[in-house]
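J.: Task: produce atomic coordinates for the following.
(one chain, ligands or ions: 2)
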Amino acid sequence: MKILITGGAGYIGSHTLIELNKAGYDFIVYDNLSNSTDESLKRVEKIINKSIIFEKGDIRDKDALQAVFKKYEIESVIHFAGLKAVGESVAKPLEYYDNNVVGTIRLLEVMKENNCKKIVFSSSATVYGDPATTPIKENFPVGGTTNPYGTSKYMIERILEDVQIGDNEFKIVILRYFNPVGAHESGTIGEDPNGIPNNLMPFISQTAVGKREFLSVFGGDYDTADGTGVRDYIHVVDLADGHVKAINYINAQTQNMEPLIVNLGTGNGYSVIDMVKAFEKASGKKVAYKIVDRRPGDIAKCFADPSFAKEVLGWEANRTIEQMCKDSWNWQSNNPNGYKN
Ligand code: NAD
Ligand code: UFG
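T.: Ligands and ions are numbered 1, 2, ... in the order given. The predicted structure follows:
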C-alpha cells in the first residue's frame, strides 16, 4: 500500500518524502511540475538511496488521476499540490480557485470512487486572517482571509469538513502551517522560487549570495518590539515530520473521526530584523536592508500555540532559528541558481 503525494516535487513535499521514507512508508509522487522540476526528486533519490515512482499529472485531470489509482494500490493521500503565491492570487483569482479548490474536488472524487478515504491536507495559518491575539489556537475564528490564495485554503477546509459529514469513513487531517523555512541538511534540496521571491527567507538568502542588492523590509512601524512583522518560522524538516505523525495518527484510528485540525508551528515569534541578524550570523554574510512601506494585506504578528500538535500527534518542532538559517544558507550557497545548476 502506498501514499499518493500530490505536489511531492515541491519544496515541502520533497522534504516530506525523506521523512516518510525514514519512517518506512512507500509513496508515489504526482505533480504537474508547474512550480518545480523533477530534479528535486532526483536529488531526493540520492539522499534516500532509492528510486522514486513519479507520475506527471495535474490534480484537475480526473482521467490521469483515475489511471494512477488503478495502477497502484493507494491507501492514503498527502495533498500538497496547489498554487501558493499570495500576490499572484490577487491578480489571477480564477486560476487559484481552479487549481486549488477545483483540483482538490477532483482529487476527492477520485479518492472516493477508489475507496481511498485518508487524506492529509496542507492548509495555512493564513486562514486565521488577522488574529485578535497571539499565540493562535486551532479554535480561533477562521475565514477572515485577505486574498484568493488564503480564501482557497479556507474553502478547501470547509469542503473537507463537509465531505467527512457526507461520508464518515473519511479520515482527514488538516495541517495549518506557519512559515516554513530552511532546507535538508545535505544542502542538495531546498526552496527554489521562480523569479523574485515573495517570501522573506529566500529573499534574505538571495541577498546574502549577491543575487539581490538589498532586502526591502515591509514596514517598520508595526506594534512589535522592533516595529517589523513577527512570524513563526518553522524548519521544513520539522514540518515534514509533522506529516509522518499525521499519517501515523490516521492509520491508528479504528473508529470514524471528525477532521482533525492542527497548527504546525514552533510557538516562537521572530521579527524580520531578528531573521536578518540570525542569517548574518549563520552565513557570515552581510544582508543589506531598507525599511519601506508596509505590504498590503500583511499583519503585525502571527505565531502558533503548538500545544495541540504535541498532545494529539506527539509532534513538536525542535530545530532552532540558527539551524533554519544555517540550512537555508547551505542550500543557497551551494545552489545559487536553485535546481538550474
Ligand atoms: P511548492 O510550489 O514548492 O509545491 C507545490 C507543488 O504542487 C509544486 O511542485 C507544483 O508543481 C505542484 N502543483 C501545483 N499545482 C498542481 C496541480 N494542479 N496538479 C499537480 N501538481 C500541482 O509549494 P510548497 O511551499 O511546497 O507548498 C506545498 C503546499 O503547502 C501548498 O499547498 C501550499 O499552499 C501549502 N503551504 C505552503 C506554505 C509556504 O510558505 N511554503 C505555507 C502554508 C501552506
Ligand atoms: N517580508 C519583508 N520583506 C520581504 C518579504 C517579506 O519584510 O521581501 C516580511 C513580511 O512583511 C512579513 C514577514 O517578512 O512580516 C514574512 O513574510 P513572508 O512573505 O515570508 O510570509 P507571510 O507570513 O506573509 O506568508 C507566509 C506564506 C503564506 C502563508 C503564511 C501563513 O507566504 O502562504 O505564511 O502561513 F499563508
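
J.: and the stretch 1-150 of the chain, which residues reach ligand 2?
T.: 84, 86, 124-126 (Cβ under 6 Å from any ligand atom). For every residue, glycine as well, the C-beta is placed using N, CA and C.

J.: Among those residues, which ones are in helices?
T.: residue 86 (DSSP state H).

J.: would you list the residues of the stretch 1-150 of the chain next to ligand 2 in a markdown table and tack on pLDDT, neighbour count and distance to residue 69?
T.: Formatted as a markdown table, these follow (pLDDT from 0 to 100; neighbours: other Cβ atoms under 10 Å; distance: Cβ to Cβ, whole Å):
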| residue | pLDDT | neighbour count | distance to residue 69 |
| --- | --- | --- | --- |
| 84 | 97 | 24 | 25 |
| 86 | 93 | 19 | 32 |
| 124 | 98 | 23 | 27 |
| 125 | 98 | 25 | 31 |
| 126 | 97 | 25 | 30 |
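
J.: Show me what counts as buried in the host helix or strand of residue 217.
T.: Per DSSP states H and E, residue 217 falls inside strand 215-218. Residues 215, 217-218 are the ones in strand 215-218 that count as buried (16 or more other Cβ atoms under 10 Å).

J.: Mind pulling up the pLDDT for the residue of the stretch 201-341 of the chain found nearest ligand 1?
T.: Of all residues in the stretch 201-341 of the chain, the one sitting closest to ligand 1 is residue 236 (8.3 Å; Cβ to the nearest ligand atom). On the pLDDT scale, residue 236 is placed at 98.

J.: hang on, it packs against residue 11?
T.: Yes: with contact defined as Cβ atoms under 8 Å, residue 236 and residue 11 form a contacting pair (6.8 Å).

J.: Show me the common contact partners of these two, please.
T.: 180, 191 (Cβ atoms under 8 Å, 6 or more residues apart in numbering).

J.: which residues in this protein form helices?
T.: 11-22, 39-48, 62-71, 86-91, 93-96, 103-113, 148-166, 200-208, 236-252, 272-283, 307-313, 321-334.

J.: in the fourth one, what counts as buried?
T.: Under the neighbour-count criterion of 16+ other Cβ under 10 Å, helix 86-91 has 86, 88-89 buried.

J.: what do you get for the shortest one?
T.: Within helix 93-96, the residues that qualify as buried by neighbour count (16+ other Cβ under 10 Å) are residue 96.

J.: Tell me if I'm right that residue 97 and residue 153 touch.
T.: No: at 11.2 Å, residue 97 does not count as touching residue 153 under the criterion of Cβ under 8 Å.

J.: neighbour-wise, which of the two wins?
T.: Neighbours per residue, other Cβ atoms under 10 Å: of residue 97 and residue 153, the larger number sits with residue 153, 27 against 18.

J.: Tell me if I'm right that residue 237 and residue 22 touch.
T.: No: using Cβ under 8 Å, residue 237 is not in contact with residue 22; the gap is 10.6 Å.

J.: More neighbours: the two, which one.
T.: Shown here are residue 237 and residue 22; by other Cβ under 10 Å, residue 237 has more neighbours (22 against 12).

J.: check contacts around that one.
T.: Contact analysis of residue 237 by Cβ under 8 Å, 6+ apart lists 15, 18-19, 182, 184-185, 319, 327.

J.: Closest one of these to ligand 2?
T.: residue 182 (12.8 Å).

J.: quick revisit: Serialize the helices of the chain to a markdown table and add fields for distance to residue 295.
T.: Output for the helices of the chain, formatted as a markdown table (distance: least, Cβ to Cβ, whole Å):
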| stretch | distance to residue 295 |
| --- | --- |
| helix 11-22 | 21 |
| helix 39-48 | 28 |
| helix 62-71 | 36 |
| helix 86-91 | 9 |
| helix 93-96 | 18 |
| helix 103-113 | 27 |
| helix 148-166 | 14 |
| helix 200-208 | 11 |
| helix 236-252 | 23 |
| helix 272-283 | 11 |
| helix 307-313 | 28 |
| helix 321-334 | 21 |
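
J.: The stretch 151-300 of the chain against ligand 1: which residues are in contact?
T.: 177, 179-180.

J.: among the residues you listed, who's most crowded?
T.: Going by other Cβ under 10 Å, residue 180 tops these with 24 neighbours.

J.: what sits opposite that one in the beta ladder?
T.: residue 234 (DSSP bridges).

J.: so it touches residue 231, yeah?
T.: No: counting by Cβ under 8 Å, residue 180 does not reach residue 231; the two are 10.6 Å apart.

J.: closest point of the stretch 1-150 of the chain to ligand 1, which residue?
T.: Counting by Cβ to the nearest ligand atom, the stretch 1-150 of the chain gets nearest ligand 1 through residue 10, at 2.0 Å.

J.: Now for that residue, how many residues are close by?
T.: Other residues within reach of residue 10, judged by other Cβ under 10 Å, total 25.

J.: Leaving aside the residues adjacent along the chain, what's closest to it?
T.: Using Cβ to Cβ, 6 or more residues apart in numbering and skipping residues adjacent in sequence, the residue nearest residue 10 is residue 36, 4.8 Å away.
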